[in-house]
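Chemist: 3D model of this:
(chains A and B)
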Amino acid sequence: MTVSVQMKRIRVTGKSTVAAAVPVQPGKTHEFTALDHAMSRHTVHLVIYYRQAPTLTLPKLKESLSDVLSYYPAMTGRLVKNEGDGCGEWIVKCNDAGMRMVDARIDVTLDEFLASASDDEEKQLAYLEDVESDPYLWSPFCIQFTQFKDGSMAVGISCTHMHADPTTVGVFAKAWSDCHRRALITGPPFFHQWAFCPRKNPVPSSPHLSVKSTSSPPLPSPAMSSATFIFSASSVTQCLADMSLPDISPFDVLASLLWLRISSYKNGDLGPAQLNVALDCRRRMAAPLPSGFYGNALHFFGVKADLASGWGHVASELSRHMTGLEEDDVWSSVEWLHERRKEKAFQMYGPELTCLAWDNVPLYNTEFDAGVAPVHVTCRIGNVQGEGLVVVMAGPPGEGEHARTVMVTLPTDLTAKICHDEVILKYKPKIMFGSNI
Amino acid sequence: MPRQPSPDFSTSVKLKYVKLGYQYLVNHFLTLLLIPMIATTALELFRRGPEEISTLYDSIEFDVLHITFSVFVIIFVLIVYFMSRPRPVYLVDYACFKPSPSCRVPFATFMEHTSMICEDPKSVQFQTRILERSGLGEETCLPPANHYIPPNPTMEAARAEAQLVIFSAIDDLIKKTGLQPKHIDILVVNCSLFSPTPSLSAMIVNKYKLRSNIKSFNLSGMGCSAGLLSIDLARDLLQVHPGSNALVISTEIITPNFYKGNRRDMLLPNCLFRMGAAAVLLSNRRRDASRAKYRLLHLVRTHKGADDRAYRCVYQEEDSDGHCGISLSKDLMAIAGDALKSNITTIGPLVLPMSEQLLFFFTLVGRKLIKPNLRPYIPDFKQAFEHFCIHAGGRAVIDELQKSLQLSAEHVEASRMTLHRFGNTSSSSLWYELNYIESKGRMRRGNRVWQIGFGSGFKCNSAVWKCLRTVKTPVDGPWEECADRYPVDIPEIVKL
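Modeler: You can find the predicted model right below:
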């Protein structure tokens, strides 16, 4: 099938707005932290696939969405410039305008789609509006409901990274599913913009981010495409066995594998390199943030390793950095960002190869129907430039505890090479949404 | 300065007591006349003494013919009297559609959609101004099809809205009254702007499997006052058919009527009209008298369509771009005032106490014969009614009526709060207002309610109901969850 025919399979049937069930108190605002501002160049797109179920109809989903939005006034607000004591920064005015919603249909069944869809097609399942003229009329959040021929549903939640990081979106989806089942919301939203305010004696310092702020992506930016690899528990166990190193987590082993393979195609000969790692640090703080914390809590740091020393060395370096992350580093980084928040945001995912460690966040517990887990979950980050992004997430249910889903976003020709890489294929990952399936 | 108020105050107090005295005297004239009659009779009896009374009694000759004839005359008069009385029409109960909060349209959403759909920024500005001054709140609801950008007014969506609002209201009514669908004898549906084939009444017959000999009627195109027109039709039918009940459905379907153009006089309905429906169960059965909530006392219809200006006041037509919309003329308020005057001239003598009627009569005579400049006396309708339900057509309508009928803020509270919470739901708004009064626990046995509806044509219709049993709170209905939050203070202009 040619690409143009595939693109036509998804038909948008309407665009509307969903309002929260309970009106917002007038005058409410939501301010962004320094971390939020730093992420303003990117967007988050989460797509969750569900099989057909009697409770999973569009009217019922809209109603439960409306109910859950009553708890998230920051999501239904609009961006305005803070003319008050701020310095013209963006804040969210909780004016109760609602969340944009897109209805779409696709003429194939869910299984056919998962087997045959390309990366471009999958991207169309999570629509985010472009800011056209007035940001006050622009909805920063967008939900897309795509109905398959057999009644299955793909729910796409998109937003700007400034508003929420992937974990926040995931927690929102979980709260929505709880609301849909009329159950208690397990991770109620926690709005606390002072969570990342600088400490009393700030030590702003982030050599890693300083370097990033000054570097620029290669011009012209190459076209990026993605592919998804699902490693079953046995594959990951096999990897760990091949590694034969103690205290290595599935994330370490998979991230290092991909880092090595991607770098080998890029440079030819391997040497010392740095990986830009993003880690959700909600639970890593001494005073951990509640799971419903709303906003960005991703910490970016660099991991240096000599790729020539082999997989084992790279994995252990990665592991060392991940476990040895100090809270002080997180705070210094936050304070550094706070200092320079008036300046323009720079590329966080990129230009060097970035890896998002997201496997500590449970994804498949978003059950709209009691006991029925989603079939698949995708997480994309928008505006990834430069060398690319590797996202390591939890594996599908039923595959085992060690199973992982890895999504890579790379320059198009590199993605194709990685999809056919023998070292990776040795572990028999299931490849989905590749560019030439 | 401080001395001046007290003479005014004492004068006004004196005047108040004079007025009260006058009202009591005139309104209870016959009762007051009875007192001297009883006194005289009692005095006479005491004067005559018991022996004289017994001799008087014995002296009366009881002729069989006389007695039989008198008994027949009495029975005949009683039969004629009872047969000629109109059948009482009882309102057993009613139910209003409660919209789901997911259909809510906050101001910000409405303005965002308007900006995205309307190409003309002046129209957007105009609609913002209307919304700011409209008196609507943030909880009014539009049907799902109107949430789309741009709205998607298909026939299917309009039918879906009709089914949603009407069936919901009827289901609530069935639950409240235990009504069996097979026992419905008369069905009247009014919906002005959506008239499919088969009709909405046929849709109801189909859904609830009503009897094949049901008398069903579907009134369309009759505007916002059609609710009371349907009640009038049902009442007339109930006079002809003994031992029957009638189900009256009042609604307005918003889906097909979104105006896509830029003419200012046609943009108002977009801003004010919202989703709503009411289902009312009327009966003329005697056994329903004990469980009915209200009895219909009067229903007065006034049609000013003979006047060209009134006829064209609310007019549906196409604008220069071919978009169909309902234009509201600038002299709508004046025409409404005129229609109201006509209506109250007819209803006044039926409901006002004798004291007010006499005052009005004397002022009229005075104006005609003695002094033409004499200010016309506006009868005090607050003495005739405890509750007022004024069609929540818009803030201007309620303000105008409050002024012309000299009503207090509490009297128009039901109308204002209904406009705030539900918007202009057209013909069903009177029922939402009545439900508000009940939900606030103000409806007591013996209270009289005056419902005034205005609509295209130009028509002004009034209905007068008498409450038969005190309505206990909490009341099942659309106000159930929010009655505690009301009344709210509605600002003159909401800043958007």
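
Chemist: Now do stretch B:215-223: distance from first to last residue.
Modeler: With C-alpha to C-alpha, to the nearest Å as the measure, stretch B:215-223 spans 22 Å from end to end.

Chemist: That should have said stretch B:81-88, apologies.
Modeler: 14 Å.

Chemist: contact partners of that stretch?
Modeler: B:238-239, B:242, B:284, B:289, B:295-296 (C-beta atoms under 8 Å, 6 or more residues apart in numbering or on different chains). Backbone N, C-alpha and C define where each C-beta goes, glycine included.

Chemist: filter the residues you listed to the buried ones?
Modeler: B:238, B:284, B:296 (16 or more other C-beta atoms under 10 Å in any protein chain shown).

Chemist: isn't residue B:93 right up against residue B:283?
Modeler: No - the criterion here is C-beta atoms under 8 Å, and residue B:93 misses it with residue B:283 at 10.0 Å.

Chemist: okay, these two: which has more neighbours?
Modeler: Between residue B:93 and residue B:283, counting by other C-beta atoms under 10 Å in any protein chain shown, residue B:283 is the more crowded of the two (27 against 20).

Chemist: Could you report the separation of that one from chain A?
Modeler: 35 Å (C-beta to the nearest C-beta, to the nearest Å).

Chemist: Which positions in chain B make contact with chain A?
Modeler: Residues of chain B lying near chain A by C-beta under 8 Å from any C-beta of the partner chain: B:100-102, B:104-109, B:112-113, B:115-116, B:138-139, B:144, B:147-149, B:152.

Chemist: who touches the closest residue to chain B within the stretch 151-300 of chain A in this structure?
Modeler: Going by C-beta to the nearest C-beta, chain B is nearest to residue A:179 of the stretch 151-300 of chain A, at 11.7 Å. Counting by C-beta under 8 Å, 6+ apart, residue A:179 touches A:64, A:67-68, A:185.

Chemist: overlap between the residues you listed and the residues near chain B?
Modeler: residue A:67.

Chemist: Just give me the closest of the contacts of residue A:179 to chain B.
Modeler: Chain B has its nearest neighbour among these in residue A:67, at 7.6 Å by C-beta to the nearest C-beta.

Chemist: A strand includes that closest one, no?
Modeler: No - according to DSSP: H, G, I helix; E, B strand; the rest coil, residue A:67 belongs to no strand; its state is helix.

Chemist: now it: how far from residue A:56?
Modeler: Applying C-beta to C-beta, to the nearest Å, the value for residue A:67 to residue A:56 is 16 Å.

Chemist: Next, count neighbours for the residue of the stretch 301-437 of chain A found nearest chain B.
Modeler: As assessed by C-beta to the nearest C-beta, chain B sits closest to residue A:368 within the stretch 301-437 of chain A, at 15.9 Å. Neighbourhood size, residue A:368 [other C-beta under 10 Å]: 24.

Chemist: Pretty sure it sits against residue A:55.
Modeler: Yes - with contact defined as C-beta under 8 Å, residue A:368 counts as touching residue A:55 (6.5 Å).

Chemist: Quick check: neighbours shared by these two?
Modeler: Listed as contacting both residue A:368 and residue A:55 by C-beta under 8 Å, 6+ apart are A:180-181.

Chemist: So for the residue most central in space within chain A, what pLDDT did the model give?
Modeler: For chain A, residue A:166 is the residue whose C-alpha lies nearest the centre (C-alpha atoms, centre = their mean; 3.9 Å). On the pLDDT scale, residue A:166 is placed at 92.

Chemist: quick one, phi/psi of it?
Modeler: When read as degrees, to the nearest 10, the backbone of residue A:166 gives phi -50, psi -40.

Chemist: which residues does it contact?
Modeler: Neighbour list for residue A:166: A:44, A:46, A:356, A:358, A:361, A:379, A:381 [criterion: C-beta under 8 Å, 6+ apart].

Chemist: By neighbour count, which of these wins?
Modeler: Counting neighbours by other C-beta under 10 Å, residue A:44 leads these with 27 neighbours.

Chemist: Double-check that that residue belongs to a helix.
Modeler: No - assigned with three-state DSSP, residue A:44 falls outside any helix and is strand.

Chemist: So what pairs up with it in the strands?
Modeler: Following DSSP bridges, residue A:44 is listed with bridge partners residue A:159, residue A:381.

Chemist: still on that earlier bit, out of the contacts of residue A:166, which one sits closest to residue A:241?
Modeler: Set against residue A:241, the nearest of these by C-beta to C-beta is residue A:358 (24.2 Å).

Chemist: Setting aside sequence neighbours, what's the nearest residue to that closest one?
Modeler: Ranked by C-beta to C-beta, 6 or more residues apart in numbering or on different chains and with sequence neighbours excluded, the top spatial neighbour of residue A:358 is residue A:393, at 4.8 Å.

Chemist: In terms of secondary structure, what does whichever strand or helix holds the one you found contact?
Modeler: Using DSSP states H and E, residue A:393 falls within strand A:389-394. With contacts taken as 3 or more C-beta pairs under 8 Å, 6 or more residues apart in numbering or on different chains; DSSP states H and E, strand A:389-394 sits against helix A:250-267, strand A:354-358, strand A:376-382, strand A:404-411.

Chemist: Give me the buried entries from the contacts of residue A:179.
Modeler: For the contacts of residue A:179, buried by 16+ other C-beta under 10 Å: A:64, A:67-68, A:185.

Chemist: Check those against residue A:332 and report the nearest one.
Modeler: Comparing every one of the buried ones among the contacts of residue A:179 with residue A:332 (C-beta to C-beta), the shortest separation belongs to residue A:185, at 34.2 Å.

Chemist: what about the closest one, distance to residue A:156?
Modeler: Separation of residue A:185 from residue A:156 (C-beta to C-beta): 21 Å.

Chemist: for the stretch 151-300 of chain A, what spans make up the strands?
Modeler: Counting by DSSP state E, counting those that start in this stretch, the stretch 151-300 of chain A has strands at residues A:153-160, A:224-231, A:272-280, A:298-306.

Chemist: surely residue B:23 meets residue B:380?
Modeler: No - using C-beta under 8 Å, residue B:23 makes no contact with residue B:380, being 9.1 Å away.

Chemist: Which residues are in contact with each of these two?
Modeler: Listed as contacting both residue B:23 and residue B:380 by C-beta under 8 Å, 6+ apart are residue B:356.

Chemist: pLDDT below threshold where in the chain?
Modeler: Reading this off chain A. Across chain A, the ranges flagged by pLDDT under 70 are A:1-8, A:84-87, A:216-220, A:268, A:435-437.

Chemist: think we crossed wires, I meant chain B
Modeler: Within chain B, the stretches with pLDDT under 70 are B:1-10.

Chemist: Now do the contacts for the residue nearest the centre of it.
Modeler: Closest residue to the average C-alpha location of chain B: residue B:451 at 2.1 Å, with C-alpha atoms, centre = their mean. Counting by C-beta under 8 Å, 6+ apart, residue B:451 touches B:228, B:389, B:430, B:433-434, B:462-465.

Chemist: So what touches stretch A:425-435?
Modeler: A:114, A:117-122, A:225-232, A:235-236, A:238-239, A:376, A:378, A:406, A:412, A:415-416, A:419, A:437.

Chemist: distance of residue B:121 from residue B:357?
Modeler: Per C-beta to C-beta, residue B:121 is found 55 Å from residue B:357.

Chemist: can you check residue A:88 too?
Modeler: Residue A:88 sits at a distance of 69 Å from residue B:357 (criterion: C-beta to C-beta).

Chemist: These two: which has the busier surroundings?
Modeler: residue B:357 (15 against 9).

Chemist: List the contacts of the more buried one.
Modeler: Residue B:357 makes contact with B:348-349, B:379, according to C-beta under 8 Å, 6+ apart.

Chemist: follow-up on the earlier one: so which of the contacts of residue B:451 belong to helices?
Modeler: Residues of these located in helices (DSSP state H): B:228, B:430, B:433-434.
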